[in-house]
Structures are given as structure tokens and as C-alpha cells.
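K.L.:
Next come a sequence and a model predicted from it.
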Amino acid sequence: MTRLAGTVSLLALVAALGAGTALADTKDKKIALSNNYAGNSWRQAMLRSWDKVTKPAVEAGIVAAADPFTTAENQVTEQAAQIQNLVLQGYNAIVLNAASPDALNGAVKEACDAGVTVVSFDGIVTEPCAWRIAVDFKQMGKDEVLYLKDKIPAGGNVLEIRGLAGVFVDDEISKGIHEGVAENPQFKIVGSVHGDWDQAKAQAAVAGILPSLPDDIVAVVTQGGDGYGAAQAFKAAGRKMPTIIMGNRQDELAWWKEQKDANGYETMSVSIAPGVSTLAFWVAQQILDGKEVPKDLVVPFLRIDQGTLEKSLETTEKGGVANVEYSAEDAQKVVDAAKK
Amino acid sequence: MRLTARQLRTLLPALSLVVLLAAIFYLQPRAMSYVGFNLMLNLAIPIALATVAQMCVITVNDLDLSIGTYVGFVACVGATLLSGGMGALPVVKELQASGALPATLPWIMQTPLVGVVALVFGIAVYAALGALIHWRNLPSIVVTLGMSFVWLGLSVLILPVPGGQAPAFLRSLMTLKPAYIPFPIIAAIVIAILANLLLMHTSYGAVLRGAGGNPKAIERAGWSLLKVKMTMFALAGFFGMLAGLSLVGLTTSGDANIALRYTLLSIAGVILGGGEFVGGRISPVGAVIGAVTLTLAGSFLSFMRISPDWQIGAQGAILIIVLAARTLIDRAERRR
């Protein structure tokens, strides 16, 4: 009898262990989000996404805790201290949106030395011991040209709207666009203005340059936050509406929908979803789970096409940005893609 | 034995530190360890040094609003010129990449001595500021506020985007792991003792403090007030330099905006440590304790899980509590 009981309990133990590994071995692990800034709609959406995904994950027992921390002053030394405090508080992993790519390396190294997993995203850090979920802005620019290549095989004149001068992101996206155009010489960039990722500024800039441009502009390549302004400028000038690439802002999507309903207007929209914080969360969870994860990962873009427009517009709040939260499976896909 | 009010006031900074430490250990027992002290206090070293620098200026009744950007400037110099000479400057690297400069630079472009020259230049500028403020009788707040933009501009010129690399000797110094006592504690004690010896236990130190308390008397006794101001500002530049170097040793790379908070933190540290804005009434040991207390207050609030929106306010509340305690003691002293 005792032997039977022993066997049964052993079996139960094995079953429990098996189930445990199948679900996750991270149920007693704590993950913290260290964020340097919360002052714009993108960051706010990022924090909301974090809450939305991590709360159920904690309730389901996948991890023990997933607490967000934001520094009040967006300062490097403040965030360095915050990271060190999180280490002391016993977090097993820190998901990090960093104030500086280099100046937090000391604190990140301390965390790694204390056995804490550090996963940086959006604002990434260069310290080799940390994981990086980077955005391939260059590819994003190139993708815009690739879309145009399929849509307008004949090519033509293109107007480029850039972002804020001197910012790394603006430089990268523009590089990608120019690379794409170099590979597809049927397109020609006839003008380039800075719209500062702002609809009003973009409208003024485009209205200013339009009179000097040829009549046959077939497309406008943008960086996000400027497509609606460009459309207004073209409309005011009485020009034929070109294909304007959008950037996932709600006003852009709403205008696109209106045009689509009125005259079957076609374009695409691409940007980075603030929900990338949740991708970082799942990556951190997988690392804690003992999975092999390459140190450099790339965020997938959030792309909206003709078919997915209505659904995206519905879920995007007024004045906001189209967002998507990632699941553990999405994270797995990103990891697998990086391994190749 | 009853403590006199004077003794109480000297003890107050240390007492606040002990109370804060006790609260931290209660909230987070893990902090009570070698690693814990290291993590909580290593960023206190540059703050303590910046606080001592600020204290030097406050001693002669002035205020330095440029210390934060100056520390950032030193950090940028430390991460570039001091580690690889002119060759480590982003501008020079770009020129090399475009072929305007040869791939292997001559000795003069590679020597870290350029960094030393830049740091000495910083201290000289501080001394000159002291002279300027005394000569033209200018308000120090205006002069140093202006200088804060100059330092920030210089930092951006040196390091347009965050980067660079801290010299190896600074890195290894700041990550020292001595046996038994964590390095930040040793460093804090050494800084406190040195500053205390310099200002409180030398005869010229008494003159320096006297220049804040009663400048007329010091002048009448035959001391040059100009020299005093220049000395104190140069000392501020020196300690500010140490702050920047220790900071870059901790962060491993520079950033022009790295230490903007230090301006206000250093002033708060001096006052928290028992110093006064006027009258040459200062306490070097207190200033170091004040800086450590401020750093720990950040950890404490973080352990308390106070929302970051409230943290700045809470930090202010801690300051007000300590200062209120001091006012009470002062009142008791006067009543006697």
C-alpha cells in the first residue's frame, strides 16, 4: 500500500514537473520595466500596453511580478540609480527603454554581474551583456519604396517628407528610402522637405515646395505623423492626389478610409507599435525560462494595408497611434527569425 | 548627559542618514549586504564630490548653477580626450573616415595629455570666474547660470551624441571591490576627511571660511579677498572635476546631459548637511552625508513603490522635514 502510494505520488510529481515545464518555469520570477520618459502619446500607449499584457500574465502565474517604473526627470543618472535599485529589489529581469545608448552601460553591467537579465528595446543600450530589440528604421524606409514598386510599376516622380533634422531616426529612414530608390531607378525623388513628424508642419512644408515641383508626382514617401498634412497640402493646391504612405496615426488612417470609401484610394501605412514593450516582456520571460535567445533582435513593423485598414482604424483611439500587443508566440517568431 | 543644541545640529545630518538607512533595511533586507551598499551608494560618490564643490562656492556666499553642466563637460572630456587623446573625438574620427586625416595619427593627436590640459583649463576657468565675480562685484548666480550654457555647449562640441569610452584606470578605480568594506563607503569617508582637513583644520581654511562670514575683517587683516575667491572657485572646479571623472568611471561613457540634476542636488546636499547659504557656515562632513542621504532617499522611495510622479515631491518632503528639524534646534539654541 505504501509502495503504491509512493508510486502514485511519484507519478503525480513527474506529471506536475512535466506540466510545469510545458507552461513556464518562470512563475517565481519578477520582471521590471525601467522607462526613462512618459511624456508623449507614444510612451503613454507603451505603458498602457505593458499593463494590458503583463497583468493577465501575472494573474495566470506565468511570472510573479511585472512592475513598470518610470523616472521622473528623463535623466541618465536617475535611470542608472533606478536600475541599481531594481537589482536590489530582487527583480530577475529588467526590461529597459534607455535614456542614453551608452551612458547606462555601467549600471547595466552591474545588473548583469548580479545575475539580472537586461532586455533593452526602442531606446537600446550598447553594453554587450544586454539584449537589444532594435527597430530597423532603414528597412522601414526601404519597404515604402518596395510597396510603390509593386503598386506603380511604371515609376515616376516622388516627394520625400523627412522628420526632425539631426535625429538618428530621420537619418535612418531617409537612408532606406534613398537606397530603395537607387535600386529602383524608375522612381525619382524630385523634392525633399522636413515635416518634423507633425501634420501642421508637414502641410506647410509641402505647400511651400509644391509650386516648384513637376505636375506628375505619383507618390509621397513619409516618416509617420506627416501623411495627413501632405494630403491637405495637395488638396489645397488642387493637385491630383498621389499615393501617400501613411504612418499609423489615427488622423491619417481616418483620411485614408474616407478616400477609400469615396474613390477607392489605395496606399499602405507603416510604423512601430508602442506595444513593442510587450514584445520585450515576452523575450525577457523566454530568456528567464532558459531559452536560447540571440542578443540582437529586430522589431517587426506594424503595417496596415488596404484590407486591414477598417479594423486598425476601429481599435485606434482619436489622436493616438495604431497599436498592437504582442503574445508569447510573436516573441518566439522574432527570436526564431533572429536565429536564422 | 544632555546634548546641547549645537551638538544636536552637528549630529542632525548623521541622524537623518541613520533613520533613512534603518527604513531601507526594514523595507529591503537584501540591501544590507556588500553588493547592496555598492549598488545603492556608488552613484553617491560623484554627487558627494559635486556637493563638496558646491560647498566651496557657498562658503564665500556665492552659488554655482553651472556645476551640473561642468560635471557633464568633465565626463565628456574623460570619455574622449582623456582616454584616446584628440583621436578619440568624434569629429576627428569622421575626418579620418573621409580621408582628410591619415588613419594613423601622429603622437600629439593620440596622447591623453590633451585631456589633462582640458581639465586644467576647466579649473582655470573656475578660478577666473571667481576673480571676475569679485572684481566686478557681479552676482554669482547670473555668471554661473551663463557659464552653465557655455559648459553644455563645449560638451556637445566634444561629444555631439552620447558615446566615448572611459579610461581604463577610472573604470577599474570605480569598480574596485575591496575586502569587507564596499568601495563607495571608503570613498565617501576619504572625501569627507580630506575636505574637512582642508577647510576646517588649516589656518588658511579658517581665512577662507572667514571670507564668507566677515569679508571686511578678513580684508582688514591683510588677506586678499580676490585670492580667497579664486582659491575657492578653483577648489570647486577641482572637486567638480573629480565628480565628473568618477561619474564617467561608473557610466563607462559620456553624455553632455549626464549630470544636469547635480546642480540642484549639490545645493540641497550642502544645506541638508548643515551648511548655510551665507556666513561661511559650512560642514564638509555634513555635506558628504547630505549627498549620501539624498541618494539613499531615491532608493528608499523606489523601495516604497511610490509612483515616480510623486517621487520628486517626496524627495522634497524629506528635505523639508530635515530642515524643519534644524530650524527647531536653532530656535531652542536661541532661547537659551
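P.N.:
Thanks, I have the structure now.
K.L.:
Give me the neighbour count for residue 333.
P.N.:
No chain in the question, so chain A it is. Residue crowding around A:K333 was assessed by other CB atoms under 10 Å in any protein chain shown; the count is 12. Just so you know, the C-beta spots here come from the backbone N, C-alpha and C atoms, and that holds for glycine as well.
K.L.:
oops, chain B please
P.N.:
Counted by other CB under 10 Å, the residues lying close to B:E333 total 13.
K.L.:
Can you give me the pLDDT of it?
P.N.:
On the pLDDT scale, B:E333 is placed at 75.
K.L.:
tell me which element it falls in.
P.N.:
Using DSSP states H and E, B:E333 maps to helix B:308-335.
K.L.:
packing partners for that helix?
P.N.:
Judged by 3 or more CB pairs under 8 Å, 6 or more residues apart in numbering or on different chains; DSSP states H and E, helix B:308-335 is in contact with helix B:5-27, helix B:262-272, helix B:284-303.
K.L.:
Now do the buried residues in the longest one.
P.N.:
Counting neighbours by 16 or more other CB atoms under 10 Å in any protein chain shown, one finds that the buried residues in helix B:5-27 are B:A5, B:L8, B:R9, B:T10, B:L12, B:P13, B:S16, B:L17, B:L20, B:L21, B:I24, B:L27.
K.L.:
again with the second one
P.N.:
For helix B:262-272, a neighbour-count test (16+ other CB under 10 Å) marks B:Y262, B:T263, B:L265, B:S266, B:I267, B:A268, B:G269, B:V270, B:I271, B:L272 as buried.
K.L.:
Include distance to A:A57 when you put those residues into JSON lines, please.
P.N.:
Putting the buried residues of helix B:262-272 into JSON lines (distance: CB to CB, whole Å) gives the following:
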{"residue": "B:Y262", "distance to A:A57": "39"}
{"residue": "B:T263", "distance to A:A57": "41"}
{"residue": "B:L265", "distance to A:A57": "37"}
{"residue": "B:S266", "distance to A:A57": "42"}
{"residue": "B:I267", "distance to A:A57": "44"}
{"residue": "B:A268", "distance to A:A57": "40"}
{"residue": "B:G269", "distance to A:A57": "41"}
{"residue": "B:V270", "distance to A:A57": "46"}
{"residue": "B:I271", "distance to A:A57": "45"}
{"residue": "B:L272", "distance to A:A57": "42"}
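K.L.:
quick one, what contacts A:D122?
P.N.:
A:M46, A:N97, A:I133, A:V135, A:I272, A:V276, A:S277 (CB atoms under 8 Å, 6 or more residues apart in numbering or on different chains).
K.L.:
Chain B: which of those residues is nearest?
P.N.:
Distance to chain B, by CB to the nearest CB, is smallest for A:N97 among the contacts of A:D122, at 13.6 Å.
K.L.:
burial count for that closest one?
P.N.:
24.
K.L.:
correct me, but it touches A:W42?
P.N.:
No - between A:N97 and A:W42 there is no contact under CB atoms under 8 Å: 10.8 Å.
K.L.:
circling back: near chain A too, which of the buried residues of helix B:262-272?
P.N.:
Contacts with chain A within the buried residues of helix B:262-272, counted by CB under 8 Å from any CB of the partner chain: B:Y262.
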